[in-house]
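In: here is a sequence with its predicted model. Questions after.
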Amino acid sequence: MLISGLSFIRNGVSLGYPFVEAIRSILPLVDEMVVVVGRSEDGTREAVEGIGDPKLRIIDSEWHPRVTPKASVLAQQTNLGLLHCRGDWVVYVQGNELLHERDLPHLRQLMSEHNDNAQVEGLVMERRVFYGDYDHFVRVYPDRHKYVVRAFKPWIGVYAITSAMTFSVFPSYGERGRSLRCVDAGVDMFRYGKILSAEAMRYKLRHAPHKLKGEDAQFEQDQYYRWLPRDHIRPYRGDHPAVMAERIRQHEFRLDLSDSRWRTQRTRKERVRSWESAIYRRFGLPKWRPGRYELIGDFVKKDRSDEA
């Protein structure tokens, strides 16, 4: 069984993404690591090259400015990398997503167990989205209790869709895509896209195709207290992937849940999110909840003792 790793990145240094750590987090699991690197002006390619692992293969690319909608370029770049993956399975991480090293043996075991099982086409993982710093996370759907396909069998006609957050199966070019049949891997995908410096967040809002607020986009770090209501944030008492240790040590900004700057009023949509997320925490995510996958079996119940 051959396992390919896949990621893509452009201007990751300016974005403040832990893209090097993301790649390193899955290197022990994979037999080859394909990284699509868009032309960058900030040393991103050099940072990827500096990983220096023989499993690594860099695919240089150019992001075409006329791709529409603009966020679709993320799926385009992911699919470019898929063409270079030779594995029976692909493990996919975006530039701000990491797997914990403790989960890698379990994932390899699952892929081996289902390698010859035609009914299982992929594995889903639950997103754990951190906010502001590494000691707080977003506890409401969709930043919590949302599952994404992050390991799959590529040879059945799998391609990334929309903004590359998920995948579909296209058996042939003349057929519509369908959802992958997946089992819950029972592990978390650590996501760090909401832990950025003010400078990096301004760059993301101005240049990332899935944000794109324009050149007038402004951000200061105290906006973390206003973006989401305090009720949506909770302390995190667990550990992080080991490759994140240095980045965590250098992170200066710290949230304070007792700070008076927190927004306490919730919008109607936020109240609904709080309500449905409370139900999910009590009873689990229902299998009928819309998702870009077809769940085989049940969701795995996890130990959440690391969440305050």
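Out: Perfect, I can see it now. Numbering: from 1, shown residues only.
In: with adjacent residues omitted, what lies nearest to residue 76?
Out: Excluding the flanking residues, the one nearest residue 76 by C-beta to C-beta, 6 or more residues apart in numbering is residue 67, at 6.2 Å. C-beta: built from backbone N, CA, C; applies to glycine.
In: that's a strand at that neighbour, yeah?
Out: No - assigned with DSSP: H, G, I helix; E, B strand; the rest coil, residue 67 falls outside any strand and is coil.
In: you'd agree it is up against residue 77?
Out: No - Residue 67 is not in contact with residue 77 according to C-beta atoms under 8 Å; the separation is 9.7 Å.
In: the more surrounded of those two?
Out: residue 77 (24 against 15; other C-beta atoms under 10 Å).
In: now do the same for that one: its pLDDT.
Out: If you check residue 77, the pLDDT there is 94.
In: that one is in what secondary structure piece?
Out: Counting by DSSP states H and E, the element that carries residue 77 is helix 72-82.
In: strand partners of the helix or strand following that helix, parallel vs antiparallel please.
Out: Heading C-terminal from helix 72-82, the first helix or strand you meet, by DSSP H and E, is strand 89-92. Using DSSP bridges, strand 89-92 pairs in its sheet with strand 3-9 (parallel), strand 147-152 (antiparallel).
In: quick one: mean pLDDT for the very next helix or strand once past the first one?
Out: Note on strand 3-9: by DSSP H and E, the next helix or strand toward the C-terminus is helix 12-15. For helix 12-15, the mean pLDDT works out to 94.
In: hmm, residue 33 is touching residue 5, no?
Out: Yes - counting by C-beta under 8 Å, residue 5 is a contact partner of residue 33 at 4.0 Å.
In: how far does stretch 160-173 sit from the chain's center?
Out: In this view, stretch 160-173 has its centroid 16 Å away from the chain centroid, taken as C-alpha atoms, centre = their mean, to the nearest Å.
In: can you get me the start-to-end distance on it?
Out: Length of stretch 160-173, first residue to last, C-alpha to C-alpha, to the nearest Å: 14 Å.
In: now do stretch 224-235
Out: Start-to-end, stretch 224-235 (C-alpha to C-alpha) is 15 Å.
In: okay, buried residues for it please.
Out: 224, 225, 228, 229, 230, 231, 232, 233, 234 (16 or more other C-beta atoms under 10 Å).
In: which pLDDT value belongs to the first one?
Out: Among the per-residue scores, residue 224 holds a pLDDT of 92.
In: what does the last one give?
Out: The confidence metric pLDDT takes the value 95 at residue 234.
In: please apply the same query to the fifth one.
Out: What the model reports for residue 230 is a pLDDT of 95.
In: list phi and psi for it.
Out: phi -60, psi -30 (degrees, to the nearest 10).
In: wait, it touches residue 262, no?
Out: Yes - with contact defined as C-beta under 8 Å, residue 230 counts as touching residue 262 (4.0 Å).
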